[in-house]
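J.: coordinates for the following, if possible.
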Amino acid sequence: MWLWRAAAWSMGGAMVAYVILAGSGFFIFRWIRQPANLPEDERRGTITTLAMVHMGFGVVMVLLILFLLAIGVVGTLGHFGSLGHSVHLPIGILAVQLTLVSAWSAMQILQGKSWARRVHLISNGGIAIALLLALISGWSVVQKYLP
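T.: Residues are numbered from 1 along each chain as shown. The predicted structure is shown next:
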C-alpha cells in the first residue's frame, strides 16, 4: 500500500511541477520577447531567476517521472509477475519518453540551438496529454491493488 501512496504523491508532485514549469516557461518567453518596463539589469535578473526556477523544477519533474516508472515496474512485477496488464504501461512509457525529450531539448536550448525550442514546446504539449491519460489510466490500475 505504501508503494501506491508514493506513486500518488509523485504523480501529484509531477503535475504541480508541470504547472510551475508551464507558468515559468511562459513568463520567461514573454519577458524575453516583450521586455517589461524595467531597467535592463533588473529585467535580466528577473529572467535569470525565472530560468533557475524553471530548470530546478525541470530536474524535479524528470526525477519524479523516473521514480513513477520505477514504482510502476517494481509494483506491477511484484504483484502480477509480469508487465503489460493495462494501457497504463504504454502511456507511462510515453510520458517518460516525452519528459526525457523535453529535458534533452532544454539542454540544446542552453547551447543556443534555435530548433530545440520548438521540440521543447511540442514535447511539453505531449507531456500534458500523457500526464492526463496516465492519471486516468492509473486510477483504474490502482483500483486492482486495493482491497
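J.: next SSE after the helix of greatest length in the chain?
T.: Identified as the longest helix of the chain according to DSSP state H is helix 40-80. Next in sequence after helix 40-80, counting helices and strands by DSSP states H and E, comes helix 88-110.
J.: got the angle for that following helix vs helix 40-80?
T.: Here helix 88-110 runs at an angle of 160 degrees relative to helix 40-80 (axes from the mean of the first three to the mean of the last three Cα atoms, to 10 degrees).
J.: return the set of buried residues in the helix or strand that comes right after helix 88-110.
T.: Downstream of helix 88-110, the next assigned helix or strand under DSSP H and E is helix 115-145. Within helix 115-145, the residues that count as buried by 16 or more other Cβ atoms under 10 Å are 116, 119-120, 123-124, 126-127, 130-131, 133-134, 137-138, 141. For glycine as for every other residue, the C-beta is placed from the backbone atoms N, C-alpha and C.
J.: again, but for stretch 40-50
T.: Neighbour count says stretch 40-50 has Ile47, Leu50 buried, by 16+ other Cβ under 10 Å.
J.: may I have it as PDB, with CA atoms only?
T.: Provided in PDB are the C-alpha atoms of stretch 40-50 (Å, rounded to 0.1, in the frame of the first residue of the first chain):
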ATOM      1  CA  GLU A  40      17.800  46.300 -18.200                       C
ATOM      2  CA  ASP A  41      19.700  44.900 -15.300                       C
ATOM      3  CA  GLU A  42      16.500  44.300 -13.300                       C
ATOM      4  CA  ARG A  43      14.900  42.600 -16.300                       C
ATOM      5  CA  ARG A  44      17.900  40.300 -16.800                       C
ATOM      6  CA  GLY A  45      17.900  39.400 -13.100                       C
ATOM      7  CA  THR A  46      14.200  38.500 -13.300                       C
ATOM      8  CA  ILE A  47      14.700  36.400 -16.300                       C
ATOM      9  CA  THR A  48      17.700  34.700 -14.700                       C
ATOM     10  CA  THR A  49      15.700  33.900 -11.500                       C
ATOM     11  CA  LEU A  50      12.800  32.600 -13.600                       C
END
